[in-house]
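Student: Give the three-dimensional model of this entry:
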Amino acid sequence: MKQKLLNVFEDQHAISAKGLARRKFLTQAGGLASVAVLANACKKDKDNNNDGIDLGSGDIGILNYAYALEQLEAAFYTQVVMSQFSGITATETALLTDIRDHEIAHREFFKNALGDKAIPGLEVNFAAINFNSRDSVLGTAKAFEDLGVSAYNGAGKLITDPNYLVLAGKIVSVEARHAALIRDLISNGTFADNTVVDAMGLDLAKAPKDVLTTASSFLKSKINANNLPTS
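Tutor: Next up, the predicted model:
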């Protein structure tokens, strides 16, 4: 499993390094996130019972936890780019498209690496988001990105395999770039204010249970994190 995860990561890194068209990768990866989410949500899975979709335990559980969050972000940014809020600029479109592509790449990385241990596609609930409103879209993007960074930071100590920890570090650094960009789009200079960076100059960290409590309001699918490690 570990070698497969490393191989998938290196394969995707090689694709990026060669400068292949982003759109081609997305087509190969399964196309638009919303289509994949809705299609997979219809599948019955042995883990999807009254207690919700079981993320699993140990490092596999943590990887599925990350996969769930990446599914949510990929679905959100896909809808953002498809809908495009009123008054969106060409620069904003390009930046949000780049973020979408990163999130889809992250989602597909975890899906392919986990293989038959991956949780099914999640069904999202974006009813509270006004995709025609810049404030609503960027406010939600800020919440997702800040949550994602704190989620990876909080899960790092729960990973036992150092190879997985290295990969998580490479992904969370990208998520932090997203968070900084979105924050500055909302209010220039807030990219690292004291709501996300503490007095020691460290990003905040949140436990999976706290992250999933927040994320659950944007999901129709129920997540069961009872078997995740806690220390």
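Student: Could you check the pLDDT of the most far-flung residue of the chain relative to its centre?
Tutor: The C-alpha centroid of the chain is most remote from Ala199, which lies 26.7 Å away (C-alpha atoms, centre = their mean). At Ala199, the predicted lDDT confidence score is 93.
Student: Please apply the same query to Ser173.
Tutor: pLDDT, Ser173: 97.
Student: Tell me how many other residues surround it.
Tutor: 11 (other C-beta atoms under 10 Å). Heads up, the C-betas are built off the backbone N, CA and C, glycines and all.
Student: Next, it: secondary structure please.
Tutor: helix (DSSP: H, G, I helix; E, B strand; the rest coil).
Student: start at 705 instead
Tutor: Okay, residue one is now 705; in that scheme the one you just asked about reads as Ser877.
Student: in this structure, which ranges drop under the pLDDT threshold?
Tutor: In the predicted model, the chain carries pLDDT under 70 at residues 705-753.
Student: how close does the spatially most central residue of it get to Ile823?
Tutor: With distances taken as C-alpha atoms, centre = their mean, Glu774 lies nearest the centre of the chain, 2.2 Å away. Separation of Glu774 from Ile823 (C-beta to C-beta, to the nearest Å): 11 Å.
Student: Gly858 too?
Tutor: 19 Å.
Student: Please say which of those two ends up with more neighbours.
Tutor: Ile823 (26 against 17).
Student: sorry, back to before: next structured bit after the strand or helix carrying the residue nearest to the centre of the chain?
Tutor: Per DSSP states H and E: Glu774 is located in helix 762-787. With elements assigned by DSSP H and E, the helix or strand that comes after helix 762-787 is helix 794-818.
Student: Now Ser920. Nearest residue, chain neighbours left out?
Tutor: Ile927 (6.8 Å; C-beta to C-beta, 6 or more residues apart in numbering).
Student: check contacts around that neighbour.
Tutor: For Ile927, the contact set (C-beta atoms under 8 Å, 6 or more residues apart in numbering) comprises 756-757, 759, 772, 826, 916, 919-920.
Student: For whatever helix or strand Gly852 lives in, C-alpha coordinates in CSV please.
Tutor: Per DSSP H and E, Gly852 falls inside helix 838-859. This file holds the C-alpha atoms of helix 838-859, laid out as CSV (Å, rounded to 0.1, in the frame of the first residue of the first chain):
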residue,chain,number,x,y,z
ARG,A,838,-18.6,36.9,-4.6
ASP,A,839,-18.8,37.4,-0.8
SER,A,840,-20.6,34.0,-0.4
VAL,A,841,-18.1,32.1,-2.6
LEU,A,842,-14.9,33.6,-1.2
GLY,A,843,-16.2,33.4,2.3
THR,A,844,-16.9,29.7,1.9
ALA,A,845,-13.6,29.2,0.1
LYS,A,846,-11.8,30.9,3.1
ALA,A,847,-13.6,28.6,5.5
PHE,A,848,-12.7,25.5,3.5
GLU,A,849,-9.0,26.4,3.0
ASP,A,850,-8.5,27.4,6.6
LEU,A,851,-10.2,24.2,7.7
GLY,A,852,-8.1,22.1,5.3
VAL,A,853,-4.8,23.5,6.6
SER,A,854,-5.8,23.0,10.2
ALA,A,855,-7.0,19.5,9.4
TYR,A,856,-3.7,18.4,7.9
ASN,A,857,-1.8,20.0,10.7
GLY,A,858,-4.0,18.2,13.3
ALA,A,859,-3.7,14.9,11.5
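Student: Please consider this matter closed, and thank you.
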